[in-house]
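Q: sequence below, structure please.
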Amino acid sequence: MTAAAPAGAPRHTVDAFHRGRFWLVQPADAGHRAGMDAMTLAAAIPTDFAGLVADFGAGAGAAGLAVVSRCEGARATLVERSPEMATFAEASLAHPANQHLSDRVTVLRADVTLTGRARSAAGLPDKQFGFVIMNPPFNAGEDRATPDALRREAHVMEDGLFEAWVRSAAAVVKPRGGIAIIARPESLAVILDALAGRFGNTEIVPVHPRADQAAIRIVVRGLLGARGKLALRPPLVLHDASTKGLLPLADAIANGTATLFGD
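A: Residues are numbered from 1 along each chain as shown. Below is the predicted model:
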């Protein structure tokens, strides 16, 4: 449904996720609109996870809210540097249909690329979180030119982005805490470089639109300080070749009733 925005704010919609178990207030015409990427990223968290998750670059809060919607013991901090998108995240928490989750979720207006004392002063102290999830802007500047500044900030990658975000994740997670990243396949090498020496037991799930098509996303998960070998997991295939609908596992992930890594 479409709702009237406050004076001077972009138009927005109020959209149901997890079959109505939570709702998202997000921009209608500008900025980033959440969908399958956010639900897939949230599904990287084990169902029995009980602790605090940081959703880096949370936007309107879709991935973090999806985690607490599925994981009863989880709490989430939605970390967003854009004032406009942080306002949408706050509006999502204030939505009456989310009151059953709002006491387990907070919004933090902060830049995840800050380091040291500046990062701690912004509300991201060391060793605070059990898991960090992130859906960074992963398009090269030439891939998605747009006149909309809010959408460009959400989509277009800055130089050194993965290194900066993973470095911060390694600082703020607890020992053996986890990280999960969703990105394009072409970012795999730079992601693995950023994880090296920080996170191990790395697992990768490629996400394919159909079984006969190349992957369009990867989800990479690892544990701080672990030394296990890299593992390539079975792919997630979204659609059957003969239909536009989601396949059963993809549908379950989209609606918060299954996990991406089977845990």
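Q: His100: neighbour count?
A: 11 (other C-beta atoms under 10 Å). Heads up, the C-betas are built off the backbone N, CA and C, glycines and all.
Q: for it, grab phi and psi.
A: The phi and psi torsions at His100 (degrees, to the nearest 10) take the values phi -70, psi -10.
Q: and it, what's its pLDDT?
A: pLDDT, His100: 96.
Q: and it, how far from Asp55?
A: 18 Å (C-beta to C-beta, to the nearest Å).
Q: for this structure, give me the ranges with low pLDDT.
A: The model of the chain has pLDDT under 70 over residues 1-10, 30-32, 138-158.
Q: quick one, helices of it?
A: Assignment of helices within the chain using DSSP state H yields the ranges 36-42, 62-70, 83-94, 99-102, 116-121, 149-155, 161-172, 188-195, 248-254.
Q: figure out which of those helices is closest to Gly51.
A: With C-beta to C-beta as the measure, helix 62-70 is the member of the helices of the chain nearest Gly51 (10.5 Å).
Q: what's the angle between that closest one and helix 83-94?
A: With axes from the mean of the first three to the mean of the last three C-alpha atoms, to 10 degrees defining the directions, helix 62-70 sits at 20 degrees from helix 83-94.
Q: check which helices and strands helix 62-70 sits against.
A: With contacts taken as 3 or more C-beta pairs under 8 Å, 6 or more residues apart in numbering; DSSP states H and E, helix 62-70 sits against strand 12-17, strand 22-27, helix 36-42, strand 51-56, strand 74-80, helix 99-102, strand 105-109, strand 129-134.
Q: now tabulate those in JSON lines and tack on distance to Leu246.
A: Shown next, in JSON lines, are the helices and strands packed on helix 62-70 (distance: least, C-beta to C-beta, whole Å):
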{"stretch": "strand 12-17", "distance to Leu246": "14"}
{"stretch": "strand 22-27", "distance to Leu246": "19"}
{"stretch": "helix 36-42", "distance to Leu246": "8"}
{"stretch": "strand 51-56", "distance to Leu246": "23"}
{"stretch": "strand 74-80", "distance to Leu246": "24"}
{"stretch": "helix 99-102", "distance to Leu246": "24"}
{"stretch": "strand 105-109", "distance to Leu246": "26"}
{"stretch": "strand 129-134", "distance to Leu246": "21"}
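Q: mind checking which of these is nearest Asp251?
A: That would be, of these and by C-beta to C-beta, helix 36-42, which comes in at 10.2 Å.
Q: please identify the buried residues of stretch 250-263?
A: Ala250, Ile253, Ala254, Asn255, Gly256, Ala258, Thr259, Leu260, Phe261 (16 or more other C-beta atoms under 10 Å).
Q: residue contacts, the first one?
A: If you count contacts by C-beta atoms under 8 Å, 6 or more residues apart in numbering, Ala250 has them with Met36, Leu236, Val237, Leu238, His239.
Q: go with 10 Å
A: 36, 39-40, 43, 207-209, 236-240, 258 (C-beta atoms under 10 Å, 6 or more residues apart in numbering).
Q: the third one now?
A: Going by C-beta under 10 Å, 6+ apart, Ala254 touches 17-19, 35-36, 38-40, 42-43, 66, 238, 246.
Q: buried subset of those residues, written for ChimeraX?
A: In ChimeraX, a selection of the buried entries from the contacts of Ala254 looks like this (16+ other C-beta under 10 Å):
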select :17,18,36,38,39,40,42,43,66,238,246
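Q: closest one of the contacts of Ala254 to Leu114?
A: Nearest to Leu114 among those: Ala38, at 23.4 Å, using C-beta to C-beta.
Q: quick check, the closest one in contact with Ala63.
A: Yes. With contact defined as C-beta atoms under 10 Å, Ala38 counts as touching Ala63 (4.3 Å).
Q: common neighbours of these two, please.
A: Shared contacts of Ala38 and Ala63 (C-beta under 10 Å, 6+ apart): Asp55, Ile133, Asn135, Ile182.
Q: hmm, Thr113 and Arg167 touching each other?
A: Yes. Applying C-beta under 10 Å, one finds Arg167 in contact with Thr113, separated by 8.4 Å.
Q: shared neighbours, the two?
A: Arg119, Gly160.
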